[in-house]
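Chemist: what's the 3D shape of this:
(one chain, ligands or ions: 1)
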Amino acid sequence: MPKNLRRRLGAAVATALGAVLLASGCAVADVPAGGPGDGRPVVLTTFTVLADIARNVAGDHLDIRSITRAGAEIHGYEPSPRDVAAASDADLILDNGLGLEAWFAQFVASADAPHAVVSDGIDTIDITGDAYAGKPNPHAWMSPLNVQIYVANIVAAFSDLDPGNAADYAANGARYSAELQGIQDELVAALEAVPERQRALVTCEGAFSYLARDAGLTETYIWPVNAEQQATPQQIRDVIEFVEQNDVPAVFCESTVSDRPMQQVVEATGAAFGGTLYVDSLSEANGPVPTYLDLLRHDVDTIVGALTGSGR
Ligand SMILES: [Zn+2]
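Modeler: As a prediction, this is how the structure comes out:
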């Protein structure tokens, strides 16, 4: 289908969807993902973490965009008509998969552009407990080793889209993967200073299953997935019990949710509040984690500093 026809169809779909959303009273976010381009192929991603990883592989060759903005909660996002138009205008769509972007799946399926799921090939971990039990945990990007697989998938997708620059994509991907390995190695080495029983990562959302697995940490959390974040008294009691039994020195919460339930754990146990972790979104450019590597380093430093008491 010619691209201008795709664009017109996309606009028609967007108009129809806009009417439906307005009629149903859904909040419609205003996002820049569908803005005018500069002639480079447009790669549409679903959230800021993915966009940044893709940008590192793309260099200057591709125009990488994110549907959701910095700081957004991504699990319960509601796509706007502009998002739908952006999907029909894109030359390639990258999404995380593993059920993260259920809100986007129908538009990806109907878009004309090729589509790559960057988590393909990852050894997934199922969510336990709650309504999500048995579904794969979507937060695969929280392990640097998994993101090496993301990078390989992105290099392959970009090379199909733009074969003339395939050598650049491969070189950028290799350089980025080496940085990921460095952070992974640093985390594992630093945790050796923590007594084995205390090598625990206690967080609000169960977003750290992959990081915990790959770093040798035990993971405990208050709720499994942010989409239904409300801590029940039982969930809080369970976490308090775990912290007390294992003498866990510090607990954490994520940037996109309230840390109030975790403060209850702190009050009940005397564990330190170890700090805010970033998972589902980067910060704005002038914030603490404008890139994914910043996010990883921030989280590794926060976790290691609080668990070892070294205050990194
Ligand atoms: Zn999440």
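Chemist: next, the residue most central in space within the chain: secondary structure please.
Modeler: Among the residues of the chain, the one closest to the centroid is residue 280, at 4.1 Å (Cα atoms, centre = their mean). When classified by DSSP: H, G, I helix; E, B strand; the rest coil, residue 280 comes out as coil.
Chemist: and it, how far from residue 69?
Modeler: According to Cβ to Cβ, to the nearest Å, residue 280 and residue 69 sit 12 Å apart. From N, CA and C alone the C-beta is placed, and that goes for glycine too.
Chemist: now swap in residue 113 and tell me
Modeler: 21 Å.
Chemist: could you find the closest non-adjacent residue to residue 72?
Modeler: residue 281 (5.5 Å; Cβ to Cβ, 6 or more residues apart in numbering).
Chemist: I'd like to know how many residues surround that neighbour.
Modeler: Residues lying near residue 281 (other Cβ atoms under 10 Å) number 22.
Chemist: do the same with residue 162
Modeler: 19.
Chemist: now it: phi and psi?
Modeler: The phi/psi pair for residue 162 (degrees, to the nearest 10) reads phi -140, psi 70.
Chemist: related to what we said a few turns ago, can you give me the distance of the residue nearest to residue 72 to the ion?
Modeler: 9 Å (Cβ to the ion, to the nearest Å).
Chemist: do residue 207 as well
Modeler: 5 Å.
Chemist: circling back to that earlier point, residues touching the residue nearest to residue 72, list them.
Modeler: 47, 48, 49, 68, 69, 70, 71, 72, 73, 74, 255, 256 (Cβ atoms under 8 Å, 6 or more residues apart in numbering).
Chemist: what about residue 79, how many neighbours?
Modeler: 24.
Chemist: is it true that it touches residue 105?
Modeler: No: contact criterion Cβ atoms under 8 Å: residue 79 and residue 105 do not qualify, at 10.2 Å.
Chemist: just the closest residue of this protein to the ion, please.
Modeler: residue 280 (4.2 Å; Cβ to the ion).
Chemist: now residue 276: which helix or strand?
Modeler: Per DSSP states H and E: residue 276 is located in strand 272-277.
Chemist: could you say what helices and strands that strand packs with?
Modeler: strand 250-254, helix 260-269, helix 292-308 (3 or more Cβ pairs under 8 Å, 6 or more residues apart in numbering; DSSP states H and E).
Chemist: tell me what angle the last one forms with strand 250-254.
Modeler: Translated: helix 292-308. 150 degrees (axes from the mean of the first three to the mean of the last three Cα atoms, to 10 degrees).
Chemist: so what touches helix 292-308?
Modeler: The contact list for helix 292-308 (Cβ under 8 Å, 6+ apart) reads 49, 52-53, 56, 141-142, 144, 147, 179-180, 183, 186-187, 190-191, 193-194, 198-201, 211, 249-250, 252, 272, 274-279, 282, 288-289, 310-312.
Chemist: PyMOL command to pick out the buried ones of the contacts of residue 281?
Modeler: The buried residues among the contacts of residue 281 can be selected in PyMOL (16 or more other Cβ atoms under 10 Å) with this line:
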select buried, resi 47+48+49+68+69+70+72+73+74+255+256
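Chemist: any residues touching stretch 129-139, and which ones?
Modeler: So stretch 129-139 is contacted by 96-100, 124-127, 206-210, 223-225, 228, 279-280 (Cβ under 8 Å, 6+ apart).
Chemist: for PyMOL, what selects the buried ones among those?
Modeler: Provided next is the PyMOL selection string for whichever of the contacts of stretch 129-139 are buried by 16+ other Cβ under 10 Å:
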select buried, resi 96+97+98+100+124+125+127+206+207+208+209+210+223+224+225+279+280
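Chemist: among the contacts of stretch 129-139, name the ones in helices.
Modeler: 209, 210 (DSSP state H).
Chemist: tell me if I'm right that residue 92 and residue 43 touch.
Modeler: Yes: in this structure, residue 92 is within contact of residue 43 by Cβ under 8 Å, at 4.7 Å.
Chemist: more crowded one of these two?
Modeler: Here residue 92 and residue 43 are compared on neighbour count by other Cβ under 10 Å; more neighbours surround residue 43, at 28 against 22.
Chemist: backbone phi and psi for residue 45, please?
Modeler: For residue 45, the backbone dihedrals (degrees, to the nearest 10) come out as phi -120, psi 170.
Chemist: report the buried residues of the helix ranked longest in the chain.
Modeler: In the chain, with assignment by DSSP H, the single longest helix is helix 166-191. Under the neighbour-count criterion of 16+ other Cβ under 10 Å, helix 166-191 has 168-170, 172-173, 176-177, 180, 183-184, 186-187, 190-191 buried.
Chemist: which elements pack onto that helix?
Modeler: Short answer (3+ Cβ pairs under 8 Å, 6+ apart): helix 166-191 packs on helix 48-58, helix 144-161, helix 209-215, helix 292-308.
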